[in-house]
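# Task: produce atomic coordinates for the following.
(one chain, ligands or ions: 1)
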Amino acid sequence: MTDFYYNNITLGFLVFKVWLFKIILCNFVIHCAGLLTRHNTLRRYLYLLGLLDGPLCRGCGVKEETSAHVLCECEALASLRHMYLGSFFLEPEDVKSISLGAVWSFSRATGLP
Ligand SMILES: [Zn+2]
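Predicted coordinates for the structure are as follows:
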C-alpha cells in the first residue's frame, strides 16, 4: 500500500518535471528564435501585419523596434545589454558570438514579448 502511493507520487513528480521542462524549453525557443529570426512580436513586425499604428520602439521611441535594434543599438536597453550581453552597444556581427542563453536572459530581462 505504501509503495503504491510512493510510486504514484514519484510518477506525478516526474510528470511535473517533464511538463516544467517543456514550458521552459518552449519559452527559451520562442524568445531566442523570435529575436534571432525576426519572427516575433516586436512592433515593426506587428506594424507590417497591420496590427499596430506605428513601428517605433517602445523603449526609446526613436527607431523602428526590430530585432537588430533591440539586440544591438537601443539606448533604452544599453544597461541591460551590458549586463547580459557584455557590451552597451553591439554590431550585428557580434550577435553571432553570443550564447543563446545570454540572448534568452537579455530577452527576458527586457520584458519585451
Ligand atoms: Zn529603442
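# Next, the contact list for A102, please.
Y84, L85, G86 (CB atoms under 8 Å, 6 or more residues apart in numbering). (Each C-beta comes from the backbone N, C-alpha and C, glycine too.)
# same thing but 7 Å
Residues counted as contacts of A102 (CB atoms under 7 Å, 6 or more residues apart in numbering) are Y84, L85.
# Can you confirm whether the helix or strand where it lies lies near the ion?
Secondary structure assignment for A102, by DSSP states H and E: helix 100-110. No. Using CB under 5 Å from the ion, helix 100-110 stays clear of the ion, coming no nearer than 10.2 Å.
# Go through that helix and flag the buried ones.
For helix 100-110, burial by neighbour count (16 or more other CB atoms under 10 Å) applies to V103, W104, S105, F106, S107, T110.
# got it, and stretch 86-104?
Neighbour counts over stretch 86-104 (16+ other CB under 10 Å) mark L90, V95, I98, V103, W104 as buried.
# List every C-alpha atom in it, with coordinates, as CSV.
This file holds the C-alpha atoms of stretch 86-104, laid out as CSV (Å, rounded to 0.1, in the frame of the first residue of the first chain):
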residue,chain,number,x,y,z
GLY,A,86,28.7,42.2,-22.2
SER,A,87,28.5,45.4,-24.1
PHE,A,88,26.4,48.6,-24.1
PHE,A,89,26.1,48.5,-27.9
LEU,A,90,26.8,45.7,-30.4
GLU,A,91,27.4,45.3,-34.1
PRO,A,92,25.1,42.8,-35.8
GLU,A,93,28.2,40.7,-36.4
ASP,A,94,28.8,40.5,-32.7
VAL,A,95,25.5,38.7,-32.1
LYS,A,96,26.8,35.6,-33.8
SER,A,97,29.3,35.0,-31.0
ILE,A,98,26.8,35.5,-28.1
SER,A,99,25.4,32.3,-26.5
LEU,A,100,21.7,31.6,-26.8
GLY,A,101,21.5,31.5,-23.0
ALA,A,102,22.7,35.1,-22.9
VAL,A,103,20.2,36.2,-25.6
TRP,A,104,17.4,34.4,-23.7
